[in-house]
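S.K.: below are the sequence and a predicted model for it; my questions follow.
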Amino acid sequence: MDHLRPVESSGPSPQDGPLGPDLADLLRMSGRGDEAAFARLYDATASRVFGLALRVVRDPAQAEEVTQEAFLDIWRTAGRYDPDRGSPLSWLLTITHRKAVDRVRAAESAARRDETYHQRNHAVDHDSTAEAAQASLEARRVRSALEHLTDVQREAVSLAYLGGYTHTEVATMLDLPVGTAKTRIRDGLIRLRDALGVGS
């Protein structure tokens, strides 16, 4: 089936009984490649299929796509329908529900991938003082505030937050234990925060 008509079909209401089409017969004929029978099946059930998809995915555009995917699957697998395992409408809606749930899971998985990518590629969070100094204060003001630090503090802070080196790299460059380097950076940041007037 190359093409499915839009969901907004004007066919008869989805009714499996004396007043509506025999969905089981339509499924059997569709399974044999009868496109006219499949069109009648679509007309009779599209609104129910779309309604279920919409309840699951909660977005009309996504629900339309799920409806199209469900009917494509129904067209391909109509010959497998077994009336002993449930009504035709239940079979159709089971396929639809599975497609809709797959769509929701795919969207959630994509959102998680985006979040993971953002977290992995986001700049390493530093002390709020360093962030405030780099993001919202002019470089001149920061460099002026650095003058309030001791020589060893200024050297450590400059390497860590202006040079972009890790604490371990700073320790190696200054020939210090890592703990000592961290202490100098921390103490320097406290003094820098006070000099800049940045709230803790």
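M.R.: Good, I have the coordinates.
S.K.: drop to CA atoms for contacts and neighbour counts, all remaining ones
M.R.: Will do.
S.K.: how close does Glu155 sit to Gly33?
M.R.: 78 Å (C-alpha to C-alpha, to the nearest Å).
S.K.: oh, I was asking about Gly197
M.R.: Gly197 is 77 Å from Gly33, by C-alpha to C-alpha.
S.K.: how about Ala70?
M.R.: From Ala70 to Gly33 the distance is 17 Å (C-alpha to C-alpha).
S.K.: more crowded one of the two?
M.R.: Neighbour totals were compared for Ala70 and Gly33, and Ala70 leads with 25 against 16 (other C-alpha atoms under 10 Å).
S.K.: which ones are touching the more buried one?
M.R.: 92, 95-96, 99 (C-alpha atoms under 8 Å, 6 or more residues apart in numbering).
S.K.: and this protein, split by domain according to the record?
M.R.: What automatic domain parsing lists as the domains of the chain is 23-121, 128-196.
S.K.: what's the least confident stretch among those domains?
M.R.: Mean pLDDT is lowest for domain 128-196 out of the domains of the chain, coming in at a mean of 74.
S.K.: Arg55 - how many residues pack around it?
M.R.: Residues within reach of Arg55, counting by other C-alpha under 10 Å, total 13.
S.K.: nope, Gly197 is what I was after
M.R.: With other C-alpha under 10 Å as criterion, Gly197 counts 11.
S.K.: so how far is the lengthiest helix in the chain off the chain centroid?
M.R.: Longest helix of the chain, by residue count under DSSP state H: helix 88-121. From the chain centre to the centre of helix 88-121 is a distance of 9 Å (C-alpha atoms, centre = their mean, to the nearest Å).
S.K.: convert the C-alpha atoms of stretch 63-71 to PDB, please.
M.R.: Output of stretch 63-71 as PDB, limited to C-alpha atoms (Å, rounded to 0.1, in the frame of the first residue of the first chain):
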ATOM      1  CA  ALA A  63      -0.600  10.800  16.700                       C
ATOM      2  CA  GLU A  64      -1.200  11.100  13.000                       C
ATOM      3  CA  GLU A  65       2.200   9.600  12.300                       C
ATOM      4  CA  VAL A  66       1.500   6.800  14.700                       C
ATOM      5  CA  THR A  67      -1.800   6.200  13.000                       C
ATOM      6  CA  GLN A  68      -0.100   5.900   9.600                       C
ATOM      7  CA  GLU A  69       2.500   3.600  10.900                       C
ATOM      8  CA  ALA A  70      -0.100   1.400  12.600                       C
ATOM      9  CA  PHE A  71      -2.200   1.100   9.400                       C
END
